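>>> Sequence isn't available, so here's the structure alone:
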């Protein structure tokens, strides 16, 4: 994922060099010569979709499909999950500690839903995510990107816009 994000940034004239992979965060990097850090997380439509995707990729278990089920208001469902995933990163003690030590970092969020794309999410959710970020007392992330979790990886700025 970091390699693909590096390629994306290079395509828009930004250099990214990975310095360390301490876990957490995912990586400490140099972004255009400035040291910062990157955390990666995923936002799945719901638990059934997460199980379906991860079991399909696993070698040690049978695939548990989520095909053929009724999903009501998938946009609202995913919006709620996205906000929850980002909020959880802001509330996590390790993220706050890293931000305190290294300054605000970059959060990459994988969009795992068959009903939308990272590009659409970046447009539709940017205002609400800006409110969520501004409501936190600590600036944990200076930038949040969403990317398509399946298919061609495409990165889109969610915050700031």
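Yes, it's here. Remember, it's a predicted structure, so these values are computed and weren't measured experimentally. Numbering: from 1, shown residues only.
>>> next one: phi and psi at residue 139?
Main-chain dihedrals, residue 139, degrees, to the nearest 10: phi -80, psi 90.
>>> just the strands in the chain please.
With DSSP state E, the ranges of strands along the chain come out as 16-20, 27-31, 34-44, 105-112, 141-148, 155-159.
>>> Residue 30 contacts residue 14, doesn't it?
No - with contact defined as Cβ atoms under 8 Å, residue 30 does not count as touching residue 14 (11.0 Å). Every C-beta, even on glycine, is put in place using the N, C-alpha and C of the backbone.
>>> so who does the most centrally placed residue in the chain touch?
The centroid of the chain falls nearest to residue 109 when counting by Cα atoms, centre = their mean (0.8 Å). Applying Cβ atoms under 8 Å, 6 or more residues apart in numbering to residue 109 gives the contacts 40, 41, 42, 43, 82, 85, 86, 144, 145, 146, 147, 158.
>>> Those residues, buried ones only, as a ChimeraX selection?
Selection of buried members from the contacts of residue 109 for ChimeraX, criterion 16 or more other Cβ atoms under 10 Å:
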select :40,42,43,82,85,86,144,145,146,147,158
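>>> Where does pLDDT dip in this protein?
49-50, 52-53 (pLDDT under 70).
>>> Excluding residues flanking it in the chain, which one is nearest residue 79?
residue 125 (6.4 Å; Cβ to Cβ, 6 or more residues apart in numbering).
>>> same question, residue 99
Leaving out its chain neighbours, residue 99 is closest to residue 140 (Cβ to Cβ, 6+ apart), at 4.4 Å.
>>> That neighbour contacts residue 96, doesn't it?
Yes - taking contacts as Cβ under 8 Å, residue 140 lies within contact range of residue 96: 6.1 Å.
>>> which one of the two has more residues nearby?
residue 140 (24 against 16; other Cβ atoms under 10 Å).
>>> what sits against that one?
89, 90, 95, 96, 99, 104, 105, 107.
>>> let's see 7 Å
89, 90, 95, 96, 99, 104 (Cβ atoms under 7 Å, 6 or more residues apart in numbering).
>>> Out of those, which is nearest to residue 129?
The closest of the contacts of residue 140 to residue 129 turns out to be residue 90 (Cβ to Cβ; 10.9 Å).
>>> residues touching the closest one, list them.
136, 140.
>>> Next: residue 153.
4, 147.
>>> gap between it and residue 71?
24 Å (Cβ to Cβ, to the nearest Å).
>>> How about residue 65?
Counting by Cβ to Cβ, the separation of residue 65 from residue 71 is 14 Å.
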